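I need the structure of the sequence given here:
(chains A and B)
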Amino acid sequence: MASPHYPEGTVRALLQSDLVTEATRAALLPRLDTVPYTPQFFDDNTFELLRAVAARIYPQPERTEPIELAPVVDKRLAEGDSDGWRYDAMPPDREAYRLGLGGINQAAQALFQQPFVALSEAQQDQVIGTVANGTAPGENWQQLPIDRFFEELLAELTEAYYSHPLAQEEIGYVGMADVPGWQRIEPNQLEDREPKPVN
Amino acid sequence: MPDEEVLEEGVLNPVQPEIQDPLLKSILAENEALPTQAPVELEQPAPLPDPVDEVDCVVIGTGAGGAPLLARLAMAGLKVVALEAGPRRDPTKTYATDEKAQHFLFWNDERLSAGQTPVAFGNNNSGTGVGGSTLHYTAYTPRAPRGDLRLFTDFGKGVDWPFGIEELEPYYEELEHFLGVSGPASYPWDPNRRKSYPLAPLPLNGAALLMQKACAQLGITTSPAANAALSARYYQEGIGWREACTNRGFCQAGCNRGAKASMDVTFLPLAESYGAEIRADAFVTEIERDAKGRVTAVVYTQHGEQKRQRCRHLFLCAGAVETPRLLLLNELALTSGQVGKNFMAHPGLQVWGTFEEDIRPYKGIPGGLISEDTHRPKDADFAGGYLLQSIGVMPVTFASQMARRRKLWGQPLRDYMRSYNHTAGINILGDCLPHENNFLELAEEKDARGLPKPRVHFTAQENEQRMNAHAERIMRQVWEAAGARDIWAFERYAHTIGTARMGLSGDDAVVNADGRAFDVPNLYICDNSVFPSALSVNPALTLMALSLRTADKFLAAQQRLDG
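Numbers count the residues shown, from 1 in each chain, chains lettered A, B, ... in the order given. Predicted coordinates:
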């Protein structure tokens, strides 16, 4: 069974309907805005590095305007927000990102003698691969547990990506359209407002 | 990037970075010298207003530990005030069906997770707001099986509770009827109950039906589970009619209908109807005592202002992290050496699979189906046992856990997530043995209030590891029988338990069997922290039972004093 694909436009349409509560609409609609973002925490170079890393972890070649994940991280770090816990082996989040992104650049330099953002996509994937399997070169990894950094980076980007209405549309999620509740909940039972896969 | 001091890095919501209260300052300044019976307040009166006269009881925390007893005490005619660290919200208007937007439901002040199996906090197990963690609980309300309270007697491991299940049973009955628990007419693993659940079970969703069919093939008994979410409209004392569940599947990020029996739609309005006062956004920092060591008042911060509330009795119900943290910060009730010790977390191993069937895991009560056949498995190589439960899941939670476990990235990550609608899970809720290596302590690192962050050490020991291995084997069999492919397991630990244990002696326990602190005659503790052992069920129902029992024991003791 291949991964199903769902039709475009379903979530956008639902958000305009009375199947979604006001509170839910107010939460989701602003995420569809594509206004340019000015980093508040990272300097411009580091922000572009984070963007480039996010673009390899969530490549979106089919989108003319990819879902931007770096602003979510930048905004959280600027506000000092937390998800309530941190691995004790990790430094505080701001320091972890500073060290980890620096370490990614060190790995890029060691492997390809160029900063990460200057590499081809294939080279960038090789660098990310060494971070993912814990073998990336770079002195920063002496101060930062590489496996925990990659796990935390991946989890934060993942939560940012799948919080976006278009990413939810991509996986066929329409749980936000819950005003009438769900009556057809058994396997293979769909409500009319639930999208069917297109292949 | 700004170049900042490391200490600043962890600052959250930078409000009031300086401690203003003299007593707290002195405690933080010199950790060693403060005697338990600190007459500091007499020597050095803090310049705080006393907004209200002394009340009979202050209750810190409004979750499953604090809310039931708050109502009970108010109904007995006592003047009671609850202090809740989080805000009060109207779920019908302000709750979004969106995981990110519901971030406010969780205790997001950073905790440090140490040990070989570091426990996730925040949305994994820690809530805030009027209603506490019941605002995000799954509403799963199985009773503790009888044997869970006598683990040491039966296995020679762990500890026994200081009383038997018969002490809790009348409260289980009362709670199931008050909350409107939906469940089976007869419970397969406890068929001789005096009363059955007041409401029919909630409908089974995709994961529950797949698990039911596969378990039947394998000879595993299942039943629709007990859930404190209404399968029909229900009349509730102190509130009126509560509406039925509409299968939104969003229990863990907040019910916007009042169908789920969180404390904000059950015990708290009941308490208020009997005159209890609930103060939201009230973060307690200090517990004041007189020369004899009796609690006299609590100091808390509300909207940037420090306030004091005098009280005759204090009920500490802040959860198994904040309760020991407050006790350690205030050097209170520490004689037994048990505060912060024996931190436990339920093995909550999940097994996921991909199915041909279209499941849409966001629909229906998440924990629809249960099996307690594994409560005492015949082939177990571990003490205690676990229950099995089907699980529905919200997309962001699922994606985040999956990414942490499988470490997929790039196109394979997006491809895998496209099968979200074809995903179903089962998990366990297993007992956890207390262990000396698992504990809470205060870290050097400070939070935005200038208070030390809690550091929690947790390492799954041999018993938990063996239980996980046993459970993974069974759950994989079930999902294979159900036709799943790409089956994978996620090791997870749920709930915060222990850290201020209840027992028969002040030598090895913080509170006695009635919930009263051995060291401090007018301090009661009622939350997961007093659990001597973890139990093999979700803790909310047992905690509410304990809360009502603690109130009754307290009231009986007061009556004896008066008479």
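
hey, let's count contacts and neighbours off CA atoms from now on
Noted.

Centre of the chain to the longest helix along chain B, how far?
Ordering each helix of chain B by length in residues (DSSP state H) puts helix B:540-562 first. Chain-centre distance of helix B:540-562: 19 Å, with CA atoms, centre = their mean, to the nearest Å.

now stretch B:152-169
The answer for stretch B:152-169 is 20 Å, by CA atoms, centre = their mean.

Name the residues of it that are buried.
Buried residues in stretch B:152-169, counting neighbours by 16 or more other CA atoms under 10 Å in any protein chain shown, are found at B:152, B:157-161, B:165, B:168-169.

Can you tell me which of those residues comes closest to residue B:225?
Set against residue B:225, the nearest of the buried residues of stretch B:152-169 by CA to CA is residue B:169 (18.0 Å).

Quick check, pLDDT for the residue of the stretch 451-563 of chain B found nearest chain A.
As assessed by CA to the nearest CA, chain A sits closest to residue B:455 within the stretch 451-563 of chain B, at 7.6 Å. You'll see residue B:455 listed with a pLDDT of 98.

Let me see the contact set for it.
Going by CA atoms under 8 Å, 6 or more residues apart in numbering or on different chains, residue B:455 touches A:88, B:111-114, B:440-443.

quick one: the helices in chain A?
Secondary structure of chain A (DSSP H): helices located at A:10-15, A:22-28, A:44-57, A:70-79, A:93-112, A:121-132, A:146-162, A:165-170.

Next, the buried residues of the fourth one.
Spelled out, that is helix A:70-79. By 16+ other CA under 10 Å, the buried positions in helix A:70-79 come out as A:70-71, A:73-77.

How about the contacts made by the residue in chain A that chain B sits nearest to?
For chain A, the residue closest to chain B is residue A:84, as judged by CA to the nearest CA, at 3.6 Å. Residues in contact with residue A:84 (CA under 8 Å, 6+ apart) are B:106-111, B:121-123.

mind running it again at 6 Å?
By CA atoms under 6 Å, 6 or more residues apart in numbering or on different chains, the contact set of residue A:84 is B:108-111, B:121-122.

Straight-line length of stretch A:34-54, end to end?
17 Å (CA to CA, to the nearest Å).

Over to stretch B:510-528?
Stretch B:510-528 stretches 13 Å from its first residue to its last (CA to CA).

which among the buried residues of stretch B:152-169 gets closest to chain A?
Using CA to the nearest CA, the buried residues of stretch B:152-169 come closest to chain A at residue B:158, 27.1 Å.

per-residue confidence at the closest one?
In this model, residue B:158 is scored at 96, pLDDT.

In this structure it contacts residue B:433, no?
Yes: proximity of residue B:158 to residue B:433 meets the contact threshold set by CA atoms under 6 Å, at 5.3 Å.

Nearest residue to the residue nearest to the spatial centre of chain A in space, please, no chain neighbours.
With distances taken as CA atoms, centre = their mean, residue A:157 lies nearest the centre of chain A, 3.0 Å away. In this structure, residue A:157 finds its nearest non-sequential neighbour in residue A:69, 6.2 Å apart by CA to CA, 6 or more residues apart in numbering or on different chains.

Now for the one you found, how many residues are close by?
Residues lying near residue A:69 (other CA atoms under 10 Å in any protein chain shown) number 21.

Can you report how many residues neighbour the closest residue to chain A within chain B?
Taking CA to the nearest CA, chain A has its nearest neighbour within chain B at residue B:108, 3.6 Å off. By other CA under 10 Å, the residues close to residue B:108 number 20.

sorry, back to before: tell me which of the buried residues of helix A:70-79 is nearest to residue A:33?
Closest approach between the buried residues of helix A:70-79 and residue A:33, by CA to CA: residue A:71, at 12.5 Å.

mind checking how far the nearest residue to residue B:120 once chain neighbours are set aside is from residue A:157?
What sits nearest to residue B:120 in space, not counting adjacent residues and going by CA to CA, 6+ apart, is residue A:85, at 6.3 Å. From residue A:85 across to residue A:157, the span is 17 Å (CA to CA).

Check residue A:47 too.
Counting by CA to CA, the gap from residue A:47 to residue A:157 is 14 Å.

Which pLDDT value belongs to residue 13?
Looking at chain A here, since you left the chain open. pLDDT, residue A:13: 96.

wrong one, chain B
37.

Residue B:360 belongs to a helix, doesn't it?
No: counting by DSSP: H, G, I helix; E, B strand; the rest coil, residue B:360 is not part of a helix but coil.

was I right about it contacting residue B:421?
Yes: shown here, residue B:360 and residue B:421 form a contact pair, counting by CA under 6 Å, at 4.4 Å.

Which residue of those two possesses the greater neighbour count?
residue B:360 (31 against 22).

Provide a list of residues in contact with that one.
residue B:421.

Phi, psi for it please.
Here is the backbone geometry of residue B:360 (degrees, to the nearest 10): phi 50, psi 80.

could you say which helix or strand contains the nearest residue to residue B:119 once chain neighbours are set aside?
The shortest distance from residue B:119 to any non-neighbouring residue, by CA to CA, 6+ apart, is to residue B:113 (5.8 Å). Using DSSP states H and E, residue B:113 falls within strand B:111-114.

in chain B, which ranges drop under the pLDDT threshold?
Counting by pLDDT under 70, chain B contains low-confidence ranges at B:1-52, B:563.

Near chain A, which residues of it? Just list them.
Selection of chain B residues close to chain A by CA under 6 Å from any CA of the partner chain yields B:1, B:9-10, B:12, B:94, B:96-97, B:108-114, B:121-122, B:205-206, B:246-248, B:357-359, B:363, B:396, B:400, B:404, B:409-410, B:418-419.

Number of residues surrounding residue 115?
Using chain A here. Residue A:115: 18 surrounding residues under other CA under 10 Å.

To clarify, I was referring to chain B.
Residues lying near residue B:115 (other CA under 10 Å) number 18.

what lines up beside the strand holding residue B:113 in the sheet?
Sheet partners assigned to strand B:111-114 using DSSP bridges are listed as strand A:85-87 (parallel), strand B:452-457 (parallel).

Now do the helix or strand where residue B:322 lies: everything it contacts.
Assigned by DSSP H and E, residue B:322 belongs to helix B:319-329. By CA under 6 Å, 6+ apart, the list of residues contacting helix B:319-329 from outside reads B:339-340, B:496-497, B:527-529.

just to revisit the earlier point, any chance of the helices of chain A in CSV with distance to residue B:299 as columns?
Shown next, in CSV, are the helices of chain A (distance: least, CA to CA, whole Å):
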stretch, distance to residue B:299
helix A:10-15, 45
helix A:22-28, 35
helix A:44-57, 43
helix A:70-79, 28
helix A:93-112, 31
helix A:121-132, 47
helix A:146-162, 36
helix A:165-170, 44
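
show me what contacts residue A:197?
By CA under 6 Å, 6+ apart, the neighbours of residue A:197 are A:4-6.

Give me the neighbour count for the nearest residue to it once chain neighbours are set aside.
Leaving aside its sequence neighbours, residue A:197 sits nearest to residue A:6 (CA to CA, 6+ apart; 4.6 Å). Residue A:6: 18 surrounding residues under other CA under 10 Å.
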